[in-house]
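[1] 3D, please:
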Amino acid sequence: SIVVPYGHVVGNEKWRGSEVAQRLQGKHKQIGRGKADQAKHSPLLARNVKNCWNMLYSVPDWSYICGKVRLIFEDGLGLVDFHLSNRTCILLISEADLVAGDEFKRRLVKFRNASSLKGIVIVEKTQISDQYYLGVQKLVVLELGMVLLPVANQGEASQLIIQLVREQSRDRGANPFVGRQRSQLAEPAVLQAVQHIPGVGKTKALLLLQHAGSIQRLCNTPVHELQQIVGQTVAQQIYTFLHS
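    Below is the predicted model:
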């Protein structure tokens, strides 16, 4: 297994020279969230990533992300893109991966079936790749039960990785990705994913998950049971979405 010192990241050799690697090493201009216009230029980071981070970590201060980490490149990491610790890793799905086809899906499924690591999937959600995002969300969250965090570009991906490493280094015992069950880890992301089903908002999503108890059971819930919770029209939309 990979041993990663705190404050370090072990990166797959294929990312050497990439924007995300250079930003992790502090070779690009540092980015923080102290200025008002940063939310304007990075709305996805300001909205989606902040929400996901707060749910996963319950960290009150997301106001500043900058600096660098110790990045070590290694061959032989296999399916993993970045190791944050001996138990936590990142699988980064780029815009190019999404546009290229289904190879990234096979990689995710293979990782989930073969690895005992806590895998966090970071996906590059851009204007070009946005059309593929719902399918990725369904695969990662609903089918594989993994955490999915969308970012607008590789720069934002590096910021998120830095924050993950800093929290882990600051308090080893507070890392929520160590020692948690997969269902607990995925719960906030699952709730968010269910809300993206056509016709389902937060209230209906909570009712559905409360009724089913787990996302797997929700997928197996017959239409007539769904109708009792959300009505006939939405029930049919949910069933079609989950079984398409």
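[2] pretty sure Y6 is touching E167, no?
    No. Y6 is beyond contact range of E167, at 10.6 Å (criterion: C-beta atoms under 8 Å). Where you see a C-beta, it was placed from the backbone N, CA and C, and this is true even at glycine.
[3] quick one: secondary structure of A205?
    The three-state assignment at A205 reads helix, by DSSP: H, G, I helix; E, B strand; the rest coil.
[4] so who does it touch?
    Listed by C-beta atoms under 8 Å, 6 or more residues apart in numbering, the contact partners of A205 are 191, 194-195, 197.
[5] G11 contacts F73, correct?
    Yes. Counting by C-beta under 8 Å, F73 is a contact partner of G11 at 5.2 Å.
[6] got the buried residues for whichever helix or strand A96 is part of?
    Using DSSP states H and E, A96 sits in helix 95-100. Of all the residues in helix 95-100, those buried under the rule 16 or more other C-beta atoms under 10 Å are 95, 97-98.
[7] for stretch 113-130, same thing?
    117-126, 129.
[8] Looking at these, which one is closest to T233?
    Proximity of the buried residues of stretch 113-130 to T233 (C-beta to C-beta) peaks at K125, which lies at 28.7 Å.
[9] quick revisit: of Y6 and E167, which one has the most company?
    Remark: of Y6 and E167, E167 carries more neighbours, 19 against 14, as counted by other C-beta atoms under 10 Å.
[10] Just give the number of residues close to the residue lying closest to D97 once chain neighbours are set aside.
    Ranked by C-beta to C-beta, 6 or more residues apart in numbering and with sequence neighbours excluded, the top spatial neighbour of D97 is F104, at 4.3 Å. Residues contacting F104 under the criterion other C-beta under 10 Å number 21.
[11] ok, F104 - contacts?
    93, 97-98.
[12] Tabulate those residues (JSON lines), appending pLDDT.
    As requested, those are exported to JSON lines (pLDDT from 0 to 100):
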{"residue": "I93", "pLDDT": "97"}
{"residue": "D97", "pLDDT": "95"}
{"residue": "L98", "pLDDT": "95"}
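[13] contacts for stretch 91-99?
    Applying C-beta under 8 Å, 6+ apart, the set of residues contacting stretch 91-99 from outside is 15, 20, 79-82, 103-104, 107-108, 111, 119-124, 126, 128-129, 132-133, 136, 154, 157.
[14] again, 6 Å this time
    If you take C-beta atoms under 6 Å, 6 or more residues apart in numbering as the criterion, stretch 91-99 is touched by 81, 104, 119, 121-124, 126, 128-129, 132.
[15] and the gap between V165 and V4?
    Separation of V165 from V4 (C-beta to C-beta, to the nearest Å): 9 Å.
[16] do you know how far H243 is from L218?
    Taking C-beta to C-beta, one finds H243 at 12 Å from L218.
[17] which of those two has more neighbours?
    A direct count of neighbours by other C-beta under 10 Å for H243 and L218 places L218 higher, at 21 against 8.
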